[in-house]
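> Need a 3D model of the sequence below.
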Amino acid sequence: MSSGVALRLRTLQRHLGSPERAQTQGSTPAPLVAQGRGMEPGSSPLSTHVLDTASGLPAQGLCLRLSRLEDHGQHWTELRKSYTDPDGRCPGLLLPGQMKVGTYKLSFDTEGYWQKRGQESFYPYVEVVFTVTNETHKFHVPLLLSPWSYTTYRGS
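Got it, this is the predicted structure:
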C-alpha cells in the first residue's frame, strides 16, 4: 500500500474510532463519537460528523441545516444553520431540552463543499431525514462523503 493511501486510511480509522484501533488492522471500528466528544450529560442531543472519503480527511467547513417537520407534516421549519469544524464535526445542533419527538432533516450543502475544492460532484445536496421517537435519547448522524457517493447511518 502506498504511503499516501496508508495515511488516508489511518486518518479515516482515527476519525471512525479510537486512536488505539487505528493502529490495529482488521479490528472493528469503535463508535463514531468517543467519550468526551460532546456526549456528556447536558450536552447536545444531536450531532453529526462528515468525512471526505475522497481525501481521507474530515469535511471542514461544510454548510448544513437542521429542520423539523411541523404542522402535521405540512412544512419544514429550519432550526439551525451551521458549519462543520476542522474535525468535520458539528456537535451542538440542538440545546439540551430542545429535542422533541418528530421528524427531522439534516441538509448538507455538498455542492458548495466540492466547488470550494474545485471538484465536480454528482449530488448538489444530501438530505438525511430521520425520526425521533424518544426525546431523551442522543442521536449522532455521520455522513461519509465523496463527489460521487455518500453513506449515512445512526451512530452512537
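> got the contact list for Tyr153?
For Tyr153, the contacting residues are Pro142, by Cβ atoms under 8 Å, 6 or more residues apart in numbering. C-beta: built from backbone N, CA, C; applies to glycine.
> where does it land on pLDDT?
Note on Tyr153: pLDDT of 94.
> Gly118 now?
Looking at Gly118, its pLDDT stands at 96.
> Wasn't Gln115 part of a helix?
Yes - assessed with DSSP: H, G, I helix; E, B strand; the rest coil, Gln115 lies in a helix.
> so after the least confident helix or strand in the chain by mean pLDDT, what's the next helix or strand?
In the chain, no helix or strand scores lower on mean pLDDT, DSSP states H and E than helix 19-23, which sits at a mean of 38. Next in sequence after helix 19-23, counting helices and strands by DSSP states H and E, comes strand 46-52.
> Give me the contact list for that next one.
With Cβ under 8 Å, 6+ apart as the contact definition, strand 46-52 has outside contacts at 12, 15-16, 32-33, 38-39, 57-59, 62, 64, 66, 84, 87-94, 99, 104, 106, 108, 138-146, 155.
> In strands, which of those residues appear?
Counting by DSSP state E, the part of the contacts of strand 46-52 found in strands is 57-58, 64, 66, 89-90, 104, 106, 108, 139-146.
> pLDDT weak spots in the protein?
Low-confidence segments of the chain, defined by pLDDT under 70: 1-42.
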